[in-house]
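Chemist: pasting the structure only:
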Ligand SMILES: NC(=O)C1=CN([C@@H]2O[C@H](COP(=O)(O)OP(=O)(O)OC[C@H]3O[C@@H](n4cnc5c(N)ncnc54)[C@H](O)[C@@H]3O)[C@@H](O)[C@H]2O)[C@H](O)CC1
Ligand SMILES: [K+]
């Protein structure tokens with residue numbers, strides 16, 4: 001990513017670790033901003049959001065969970081303000097030792113006669129809760145009585161708003177440290193923390209919102225230079241890496257020629273879905289190599305594509321490429337894998353020798369896993385893009401520790417090990433480049449957890465990579481985010497159960513229109 005001079009755009013993009021956040025905060029404090037002033041500012045912004053979300057008329061009583069550090073300090077300032085606005089506030093603070101600033105706020109809150117409890121139970125009937133037990137300073141597991149209290153709180157039914165992070169979630173890995181608060185919504189402070197993009201944390205975060213409290217661009221850059229390693233894909237990223245606008249004078253071959261190698265008699269649907277994903281990309285020319293017996297079926301679904309029927313094995317897999325595919329170097333990108341079956345393994349081996357950018361999915365990944373040759377991909381001349389879901393990832397990289405503790409770091413390691421761009425698919429898909437940078441699809445929907453949606457993605461990635469691009473990893477990340485946005489749009493209209501892969505393909509173009517209509521920051 002290039003640095004933008006736009007502060008808002010930058011804070012939407014960057015994703016930081018606890019250590020980086022601490023360093024950025026350190027610069028602000030040593031430049032003269034008083035800690036007390038920043039806490040007031042942050043808590044003031046949070047109070048306004050909380051009052052808007054939980055208006056006094058409907059939510060007149062609030063329970064505030066207060067920890068020993070500055071997360072607890074934020075919570076106490078909010079508790080004070082809500083008390084002054086007329087809310088009935090109760091505080092749960094089971095700690096005897098508080099950081100000095102937090103201790104001062106606790107004394108002042110007590111002086112206002114806000115009740116303090118060292119058990120959570122008295123807060124049970126509060127209409128909503130604010131969780132300020134721990135933020136990015138959490139280092140140890142929650143255990144003993146505190147863990148039991150958090151579990152009791154989680155068994156209640158009122159909404160919970162967490163400050164900065166759901167307490168108990170590791171800021172970087174997103175792991176649950178012992179136990180963690182299950183928030184309805186989380187207000188992430190200042191900059192996005194890594195946990196919000198780790199599948200492990202998602203069921204605890206609820207709806208996540210970034211609260212911009214005005215971190216200067218210079219402080220972000222000073223700590224994250226030369227470029228931020230981890231970034232969210234924003235609308236601006238997508239706009240930059242979509243092949244739009246097209247040049248006014250062009251022709252189909254200038255807009256890329258994509259080859260899909262997919263399908264078998266056993267799995268014919270995957271070939272159609274990959275074709276539909278590719279179609280939506282707008283790629284200039286689309287060729288699809290399938291077993292001969294699938295040819296007519298593919299033509300009927302994708303009349304614009306050049307369908308190449310291939311001789312097939314007894315089992316109905318692609319046995320060899322016909323003469324028309326003699327020159328595989330003519331293609332600007334190749335997608336290989338969906339629905340192939342392992343009986344097409346010799347074709348996968350052949351395709352690895354082609355220099356074009358190569359997107360390997362499904363059975364092509366299974367072949368690689370069987371051969372154990374992932375590390376040889378670095379020797380390919382063209383870029384290799386692997387699109388595993390977690391199960392495929394495990395087969396490709398069996399030496400990692402499973403279950404994965406840190407999906408983002410694992411994708412980074414896998415990219416470095418293999419020399420390939422890794423698209424680790426999950427609730428928050430991560431796209432890792434061998435140079436260490438990671439791009440994250442910031443939002444998605446469980447509606448996409450369905451057979452065939454990966455085929456659509458492989459085709460879409462191929463179609464964008466085949467078109468003129470200056471940054472393949474950013475283009476891949478754009479495709480993955482576009483795909484997720486189509487899922488969200490489709491789920492919004494048709495419910496989470498109504499997004500079959502074929503429908504998803506039909507929502508790609510409306511989702512693109514939505515992305516393009518969105519104002520650039
Ligand atoms: N730059 C910002 O984003 C700002 C953040 N603010 C808030 O401050 C917290 C971070 O505060 P910090 O004091 O560093 O840490 P925590 O409040 O998260 O808690 C650390 C505290 O807890 C103790 N501790 C750690 N683990 C455990 C455990 N398992 N059991 C018991 N105690 C534990 C540890 O020893 C510390 O004492 C950030 O998230 C924001 O909410 C500022 O208010 C504004 C600027
Ligand atoms: K918290």
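Modeler: Happy to help now that I have it. On a predicted model such as this, the values are computed, not experimentally measured, just so you know. Ligands and ions are numbered 1, 2, ... in the order given.
Chemist: how about the contacts made by whichever residue of the stretch 301-450 of the chain sits closest to ligand 1?
Modeler: Taking CB to the nearest ligand atom as the measure, the stretch 301-450 of the chain has residue 405 as its residue closest to ligand 1, at 17.8 Å. In short, each C-beta sits where N, CA and C put it, glycine included. Each residue near residue 405 by CB atoms under 8 Å, 6 or more residues apart in numbering is listed here: 173, 175.
Chemist: spatially, what comes nearest to residue 174 if we skip its sequence neighbours?
Modeler: Leaving aside its chain neighbours, residue 174 sits nearest to residue 198 (2.8 Å; criterion: CB to CB, 6 or more residues apart in numbering).
Chemist: what about that neighbour, neighbour count?
Modeler: Applying other CB atoms under 10 Å, we find 28 residues neighbouring residue 198.
Chemist: hang on, the earlier thing: ok, the residue of the stretch 301-450 of the chain closest to ligand 1 to residue 199 distance?
Modeler: Distance, residue 405 to residue 199, by CB to CB, to the nearest Å: 12 Å.
Chemist: please apply the same query to residue 21.
Modeler: Distance of residue 21 to residue 199, computed by CB to CB: 21 Å.
Chemist: higher neighbour count, the two?
Modeler: More neighbours surround residue 21 than the other of residue 21 and residue 199, with 23 against 16 (other CB under 10 Å).
Chemist: host element of the more buried one?
Modeler: Assigned by DSSP states H and E, residue 21 belongs to helix 18-30.
Chemist: buried sites along that helix?
Modeler: Within helix 18-30, the residues that qualify as buried are 18, 20, 21, 24, 25, 27, 28, counting by 16 or more other CB atoms under 10 Å.
Chemist: so it, near ligand 1 or not?
Modeler: Yes - looking at helix 18-30 against ligand 1 by CB under 6 Å from any ligand atom, the contacts come from 21, 25.
Chemist: list the contacts of that helix.
Modeler: Here helix 18-30 makes contact (CB under 8 Å, 6+ apart) with 16, 35, 38, 136-137, 171-172, 190-191, 193, 215-216, 219-220, 222-224.
Chemist: just the buried members of the residues you listed?
Modeler: Listed as buried from the contacts of helix 18-30 are 16, 38, 136-137, 171-172, 190-191, 193, 215, 219-220, 223-224; burial here means 16+ other CB under 10 Å.
Chemist: show me which residues of this structure are close to ligand 1?
Modeler: Within the chain, the residues that sit near ligand 1 (CB under 6 Å from any ligand atom) are 21, 25, 38-39, 42, 67-74, 99, 134-142, 163-164, 189-190.
Chemist: just the buried ones from those, in PyMOL syntax?
Modeler: This is the PyMOL syntax for the buried subset of the residues of the chain next to ligand 1, where burial follows 16+ other CB under 10 Å:
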select buried, resi 21+25+38+39+42+67+68+69+70+71+72+73+74+99+134+135+136+137+138+142+163+164+189+190
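Chemist: and the most centrally placed residue in the chain, which of the three is it?
Modeler: When CA atoms, centre = their mean is applied to the chain, the residue found nearest the centroid is residue 428 (2.9 Å). Three-state assignment for residue 428 (DSSP: H, G, I helix; E, B strand; the rest coil): coil.
Chemist: need the per-residue pLDDT for residue 1.
Modeler: Residue 1 carries a pLDDT value of 58.
Chemist: and the furthest pair within the buried ones among the contacts of helix 18-30?
Modeler: Largest separation among the buried ones among the contacts of helix 18-30 by CB to CB: 38 and 172, giving 22.3 Å.
Chemist: what's the single longest helix in this structure?
Modeler: In the chain, assigned by DSSP state H, the helix with the most residues is helix 472-494.
Chemist: the helix or strand following that one: which residues count as buried?
Modeler: Using DSSP H and E, the next helix or strand after helix 472-494 towards the C-terminus is helix 501-517. For helix 501-517, the neighbour count (16+ other CB under 10 Å) marks 501, 503, 504, 505, 507, 508, 511, 512, 514, 515 as buried.
Chemist: out of the contacts of helix 18-30, list just those in helices.
Modeler: Judged by DSSP H, those include 35, 38, 219, 220, 222, 223, 224 as members of helices.
Chemist: any chance of these in CSV, plus pLDDT and distance to residue 183?
Modeler: Formatted as CSV, the ones in helices among the contacts of helix 18-30 follow (pLDDT from 0 to 100; distance: CB to CB, whole Å):
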residue, pLDDT, distance to residue 183
35, 98, 25
38, 98, 23
219, 97, 28
220, 97, 26
222, 96, 31
223, 96, 27
224, 94, 27
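Chemist: with distance to residue 324 added, can I get these in JSON lines?
Modeler: Below are the ones in helices among the contacts of helix 18-30 laid out as JSON lines (distance: CB to CB, whole Å):
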{"residue": "35", "distance to residue 324": "70"}
{"residue": "38", "distance to residue 324": "66"}
{"residue": "219", "distance to residue 324": "58"}
{"residue": "220", "distance to residue 324": "53"}
{"residue": "222", "distance to residue 324": "56"}
{"residue": "223", "distance to residue 324": "54"}
{"residue": "224", "distance to residue 324": "49"}
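Chemist: out of those, which is nearest to ligand 1?
Modeler: residue 38 (4.8 Å).
Chemist: so what does the residue nearest to residue 174 have for phi and psi?
Modeler: Dihedral angles of residue 198 (phi, psi; degrees, to the nearest 10) stand at phi -110, psi 130.
Chemist: can you check residue 90 too?
Modeler: phi -130, psi 140.
Chemist: check contacts around it.
Modeler: 61, 62, 63, 64, 114, 115, 117, 122, 123, 126.
Chemist: which one of these is nearest ligand 2?
Modeler: Ligand 2 has its nearest neighbour among the contacts of residue 90 in residue 64, at 11.0 Å by CB to the ion.
Chemist: could you look up the SS state of the closest one?
Modeler: Judged by three-state DSSP, the three-state class of residue 64 is strand.
Chemist: for it, give me its contacts.
Modeler: So residue 64 contacts 75, 76, 78, 79, 82, 89, 90, 91, 92, 129, 130, 132 (CB under 8 Å, 6+ apart).
Chemist: now with 10 Å?
Modeler: Shown in contact with residue 64 (CB atoms under 10 Å, 6 or more residues apart in numbering): 72, 75-76, 78-80, 82-83, 87, 89-93, 109, 114, 116, 123, 126, 128-132, 163.
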